[in-house]
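> Got a sequence here, can you build the structure:
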Amino acid sequence: MNQAELFHGINRPPLARRMAPRAVDEFVGQEHLLAPGKPLRVLIETDRLSSLILYGPPGCGKSAVAGLIAGRTKSELVRLNAVTSTVEDLRTLKRESQGRQATGQRTILFLDEIHRFNKAQQDALLPDVEEGLYVLIGTTTHNPYFAVTGALVSRSRVFTFKALAPEHIRILLERALADRERGIGQLEAMADPDALDLLAKVAEGDARSALNGLELAVLTATPKVGPIRITKDHVREALQNKNIRYDRDEDAHYDTISAFIKSMRGSDPDAAIYWLAAMISGGEDPRFIARRMFILASEDIGNADPRALLMASAAMHAVETVGLPEAQIVLAQVVAYLCCAPKSNASYMAIAGAMKDVEEEPQKQVPLHLRDTHYKGAKDLGHEGYKYAHEGEGGWVEQEYMPNPKRYYIPSDRGVEARFREILEKLGKKPA
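The predicted structure follows:
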């Protein structure tokens, strides 16, 4: 039997599932949770589990931990997936858990993708968790403080998993190549070091993606006769595209746009353009990106460079009229401009302060001399005495425009706004 026949004759689950760790010592990565003496490891080894929520990106080992718990615990482990589970499944779970409890046996519910349960479904778990009918272990790729009800989070310990580093992925790939029982060691395949490096890098911390990519690369590289040698070309052919970790309505969406905005605010064009590229590659709506740039142009640049708002408007117009991929050039140009423009949040602080006073303080009355006079009888009501500013020297007259004046707009000393500051100081409006 040649290598190809041997490979096709392996009637087993995908490589990633076969290579799941059987003991804590086999686990790669997540040292902050699973190194000797670390909290999650202690809970597993002592079988003193309380309800847990395991949060992290795909392929970082959350489900593998559930497997470790199943191997160590004296409890009955029941696996459910929030996507496919029904109300009847939960009823069955409750009946069976009550039966085990009557005999002194504990039940552990492993609920994959717990964020897929709606609020009502999550609330339905609460009474059973509180009564200790079963221990809940939920996994999620979503921030649990947003995706899981506060009641469940407060009754659980949240453990945050990190994306695996390339060196972790490399260990797992080499282990799979050598393992003759669970891996593909029986094929005696050889992989070029740069091929493994590429696979470890493009996996973006996802062990499942890397291992299944290796399996496909082996299949791609398998000749009819002769040894199997995996090259970078085989890896590229197997993967086709890099695994970009970006979900338009998930944590990556909010985290990446946050990094994008903060990079522009911090005047780092290289970082901002990188996050721009990540969003475009991930399929983000370019109109959303342009809108955020529009807001930043006023909130963080303002009158320090009034042209920033025009540039942001041009970016929005380009997205609407040209579209991708060409609009990405315009977006990059405007991002670079916004990064390098002088920064001021004076306009933002001004309206925030005024809004606070309007909402919390007694509302100021419009002075009589500023009120409308374009109707008969206005003067009889005392609506007179307004001084026309253009008739004063330099286009300014001394006049009250607001009772009990208060400073809201305080220009910075940067860019064009520095000139505004000088003008206001000459008019007697000193910075507070």
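> Got the phi and psi for residue 325?
Per-residue torsions, residue 325: phi -90, psi -20 (degrees, to the nearest 10).
> how close does it sit to residue 428?
Here the criterion is C-beta to C-beta, to the nearest Å. By it, residue 325 lies 53 Å from residue 428. Heads up, the C-betas are built off the backbone N, CA and C, glycines and all.
> can you pull out the helices in the stretch 51-200 of the chain?
62-72, 87-102, 119-130, 144-147, 150-154, 166-178, 193-202 (DSSP state H, counting those that start in this stretch).
> Can you mark which positions in the last one are buried?
With burial defined by 16 or more other C-beta atoms under 10 Å, the residues of helix 193-202 counted as buried are 195-200, 202.
> Could you do the fourth one as well?
If you call a residue buried by 16+ other C-beta under 10 Å, then helix 144-147 has these buried ones: 144, 147.
> starting at the chain centroid, how far to that helix?
12 Å (C-alpha atoms, centre = their mean, to the nearest Å).
> ok, now stretch 31-50?
Centroid separation between stretch 31-50 and its chain, computed with C-alpha atoms, centre = their mean, is 27 Å.
> Kindly report the same for stretch 227-239.
Offset of stretch 227-239 from its chain centre (C-alpha atoms, centre = their mean): 32 Å.
> heads up, I number from 145, so please use that
With the count now opening at 145, the last piece we talked about shows up as stretch 371-383.
> Extract the C-alpha set from that stretch and format it as PDB.
Provided in PDB are the C-alpha atoms of stretch 371-383 (Å, rounded to 0.1, in the frame of the first residue of the first chain):
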ATOM      1  CA  PRO A 371       8.400  10.000   0.300                       C
ATOM      2  CA  ILE A 372       6.100  12.800   1.200                       C
ATOM      3  CA  ARG A 373       7.800  16.200   1.500                       C
ATOM      4  CA  ILE A 374       5.700  19.200   2.500                       C
ATOM      5  CA  THR A 375       6.900  22.600   1.100                       C
ATOM      6  CA  LYS A 376       5.700  26.200   1.400                       C
ATOM      7  CA  ASP A 377       4.000  25.800  -1.900                       C
ATOM      8  CA  HIS A 378       2.000  22.900  -0.500                       C
ATOM      9  CA  VAL A 379       1.000  24.900   2.500                       C
ATOM     10  CA  ARG A 380      -0.100  27.900   0.300                       C
ATOM     11  CA  GLU A 381      -2.100  25.600  -1.900                       C
ATOM     12  CA  ALA A 382      -3.800  23.900   1.100                       C
ATOM     13  CA  LEU A 383      -4.700  27.200   2.800                       C
END
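> and for that stretch, what are the contacting residues?
Residues outside stretch 371-383 that contact it (C-beta atoms under 8 Å, 6 or more residues apart in numbering): 147, 331-336, 338-339, 342-343, 346, 357-358, 360-366.
> After the helix-or-strand element of the chain with minimal mean pLDDT, which helix or strand is next?
When each helix and strand of the chain is scored by mean pLDDT, DSSP states H and E, helix 147-152 comes last, with a mean of 48. Heading C-terminal from helix 147-152, the first helix or strand you meet, by DSSP states H and E, is helix 159-162.
> got the buried residues for whatever helix or strand comes next after that next one?
On the C-terminal side of helix 159-162, the nearest following helix or strand under DSSP H and E is helix 175-178. Going by neighbour count (16+ other C-beta under 10 Å), the buried part of helix 175-178 is 177-178.
> Can you tell me which helices and strands helix 175-178 packs against?
For helix 175-178, the packing partners by 3 or more C-beta pairs under 8 Å, 6 or more residues apart in numbering; DSSP states H and E come out as helix 183-190.
> Any buried residues in the helix it packs on, and which?
Buried, per 16+ other C-beta under 10 Å, within helix 183-190: 184-185, 187-188.
> would a markdown table of those with distance to residue 275 and pLDDT be doable?
Shown next, in a markdown table, are these (distance: C-beta to C-beta, whole Å; pLDDT from 0 to 100):
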| residue | distance to residue 275 | pLDDT |
| --- | --- | --- |
| 184 | 24 | 87 |
| 185 | 28 | 88 |
| 187 | 21 | 86 |
| 188 | 24 | 84 |
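> just those now: which is nearest residue 439?
Residue 439 has its nearest neighbour among the buried residues of helix 183-190 in residue 184, at 40.3 Å by C-beta to C-beta.
> I figured the closest one hits residue 302, correct?
No: applying C-beta atoms under 8 Å, one finds residue 184 not in contact with residue 302, separated by 11.0 Å.
> Need the overlap of contacts for the two.
Contact criterion C-beta under 8 Å, 6+ apart; residues shared by residue 184 and residue 302: residue 196.
> Report the contact partners of residue 156.
Residue 156 touches residue 162, counting by C-beta under 8 Å, 6+ apart.
> Go through the one helix or strand residue 453 maps to and flag the buried ones.
Element membership of residue 453 [criterion: DSSP H and E] is helix 451-465. Buried residues in helix 451-465, counted by 16+ other C-beta under 10 Å: 452-453, 455-456, 459-460, 462-463.
> from those residues, which is closest to residue 204?
residue 463 (34.3 Å).
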